[in-house]
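J.: I'll drop the sequence and a predicted model, then ask my questions.
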Amino acid sequence: MNNIYKVIEIIGGSEVSWEEAAKKAVETATKSLKEIRVAEVKELDMRIENGKVAEYRVKLRVSFKYLPE
């Protein structure tokens, strides 16, 4: 049987770094998505408050094994 994968986008945030934002996003996604295979960084941005970086944000494209019911 061939494997089929579904791809979605998720966004994570962190006050510390883009790396932490990505890690938190993937770790949270694994709680509800089974068999995540790849997370690809698509976009990085920052939220600015009062002239300072308030949050690092990362948009990820995540693929996981599609398991039809």
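T.: Yep, it's here. The model shown is predicted, which means the values in this text are computed figures rather than measured ones.
J.: from Ser63, how far off is Ser5?
T.: To be clear, residue 5 is Tyr; Ser isn't right here. For Tyr5, the distance to Ser63 (Cβ to Cβ, to the nearest Å) stands at 5 Å. For glycine as for every other residue, the C-beta is placed from the backbone atoms N, C-alpha and C.
J.: no wait, Thr30
T.: Thr30 sits 13 Å away from Ser63, taking Cβ to Cβ as the criterion.
J.: who touches both of these two?
T.: Ile36 (Cβ atoms under 8 Å, 6 or more residues apart in numbering).
J.: hey, where'd the helices end up in the chain?
T.: Counting by DSSP state H, the chain has these helices, from start to end: 18-29.
J.: what's the burial count for Val58?
T.: For Val58, the count of nearby residues is 25 (other Cβ atoms under 10 Å).
J.: the chain should start at 16 in everything you say after this.
T.: In the new count, where the first residue is 16, that last one comes out as Val73.
J.: just checking, it touches Ile26?
T.: Yes - applying Cβ atoms under 8 Å, one finds Val73 in contact with Ile26, separated by 7.0 Å.
J.: shared neighbours of these two, anything?
T.: Ala40.
J.: and the strands in the chain?
T.: Using DSSP state E, the strands of the chain run over 20-29, 51-64, 67-80.
J.: avg pLDDT for the shortest one?
T.: For strand 20-29, the per-residue pLDDT values average out at 96.
J.: what does the second one give?
T.: The average pLDDT for strand 51-64 rounds to 96.
J.: and it with strand 67-80, angle?
T.: Interaxial angle of strand 51-64 relative to strand 67-80 (axes from the mean of the first three to the mean of the last three Cα atoms, to 10 degrees): 160 degrees.
J.: list the buried residues of strand 51-64.
T.: Residues Ala54 are the ones in strand 51-64 that count as buried (16 or more other Cβ atoms under 10 Å).
J.: next one: the shortest one
T.: Of the residues in strand 20-29, those buried by neighbour count under the rule 16+ other Cβ under 10 Å are 25, 27-29.
J.: wait, which of the residues you listed is closest to Asp60?
T.: Closest approach between the buried residues of strand 20-29 and Asp60, by Cβ to Cβ: Gly28, at 9.8 Å.
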